[in-house]
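# generate a structure from the sequence data that follows.
(2 chains)
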Amino acid sequence: QVQLVQSGAEVKQPGASVKVSCKASGYTFINYYMHWVRQAPGQGLEWMAMINPSDGITNYAQKFLGTVTVTRDTSTSTLYMELSSLRSEDTAVYYCARDMTTMTNDRFAYWGQGTLVTVSS
Amino acid sequence: QSALTQPPSASGSPGQSVTISCTGTSSDVGGYKYVSWYQQHPGKAPKLMIYEVSKRPSGVPDRFSGSKSGNTASLTVSGLQAEDEADYYCSSYAGSNNVIFGGGTKLTVL
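Below is the predicted model:
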């Protein structure tokens, strides 16, 4: 069965960077688009970025251009999301999600358990 | 790009039907057939309930249905049950490999 297991909670100071991982199993990693979605406390979902694990090509929401970097390691079926220049507004649960089919990049059928990133001095 | 517009709350009694709207623009909801809906219970990851405007993934009850007219998509939950109480989010493909979410609607089963 498809499983996405994310790294543990992080506490960072403003201005620092954080790197969250998402290890995939139960399917062929390179065949499905992967996404990062975040949710600030008490707030809604916010799409951040997607990656085609097959070729590593990424697309970022305008808001996150320059501050978010999404990468993948196909040898370990692991997805990464690095967020730099952290601010208190970046405090949120960060989710990785897998797209539904091999041909789509807009529907998130499988989700990780979420990683809480807290930015505080 | 602004978030899609959803009502902050909706409610209905058990057995009733409730419809949640999701309004975008011709650059997202109105321009593509790629609208999805997600259900999220407190402290849990979201769950895909509807994709491509009106299709249900395997395992999603047929009490959940979706539609679209122009720049507005809708999710209807029929035969409301207590377990349907949750937050619901719409999303849409917005071109150039971008996706946008709605602000979310809290559904209360009275």
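# what helix or strand is the residue sitting nearest the centre point of chain A on?
Compute the mean C-alpha point of chain A, and by C-alpha atoms, centre = their mean the closest residue is A:Trp36, 3.2 Å away. Assigned by DSSP states H and E, A:Trp36 belongs to strand A:34-39.
# can you check A:Lys23 too?
Per DSSP H and E: strand A:18-25 holds A:Lys23.
# tell me which residues of that strand are tucked away?
Neighbour counts over strand A:18-25 (16 or more other C-beta atoms under 10 Å in any protein chain shown) mark A:Val18, A:Val20, A:Ser21, A:Cys22, A:Lys23, A:Ala24 as buried. Every residue, glycine included, has its C-beta placed from N, CA and C.
# how near is the residue nearest to the centre of chain A to A:Glu46?
Distance of A:Trp36 to A:Glu46, computed by C-beta to C-beta, to the nearest Å: 10 Å.
# can you check A:Gly8 too?
Per C-beta to C-beta, A:Gly8 is found 21 Å from A:Glu46.
# isn't B:Ser54 right next to B:Gly66, touching?
Yes - using C-beta atoms under 8 Å, B:Ser54 is in contact with B:Gly66, at 4.4 Å.
# those two: which is more packed in?
More crowded of B:Ser54 and B:Gly66, by other C-beta atoms under 10 Å in any protein chain shown: B:Gly66, with 22 against 17.
# I'd say the more buried one and B:Ile50 touch.
Yes - between B:Gly66 and B:Ile50 there is a contact at 4.0 Å, judged by C-beta under 8 Å.
# overlap in contacts, these two.
Common neighbours of B:Gly66 and B:Ile50 (criterion: C-beta atoms under 8 Å, 6 or more residues apart in numbering or on different chains): B:Val35, B:Trp37, B:Leu75.
# coming back round to it: okay, A:Gly8 and A:Glu46: which has more neighbours?
Higher neighbour count among A:Gly8 and A:Glu46: A:Glu46, with 19 against 8, using other C-beta under 10 Å.
# so what's the residue count around the nearest residue to the more buried one once chain neighbours are set aside?
Leaving out its chain neighbours, the residue that sits closest to A:Glu46 by C-beta to C-beta, 6 or more residues apart in numbering or on different chains is A:Arg38, at 5.2 Å. If you count neighbours by other C-beta under 10 Å, A:Arg38 ends up with 24.
# and A:Arg38, how far from A:Phe64?
To A:Phe64, A:Arg38 is 9 Å away according to C-beta to C-beta.
# tell me the buried residues in the host helix or strand of B:Ser65?
Element membership of B:Ser65 [criterion: DSSP H and E] is strand B:64-69. Using 16+ other C-beta under 10 Å as the test for burial, strand B:64-69 gives B:Phe64, B:Ser65, B:Gly66, B:Lys68.
# and chain A, is it touching that?
No - with C-beta under 8 Å from any C-beta of the partner chain as the measure, strand B:64-69 is seen stopping short of chain A, the closest distance being 12.0 Å.
# and the residue in chain B sticking out farthest from the centre, what does it touch?
Distance from the centre of chain B peaks at B:Ser96, with 22.2 Å (C-alpha atoms, centre = their mean). Applying C-beta under 8 Å, 6+ apart, one finds that B:Ser96 lies in contact with A:Asn59.
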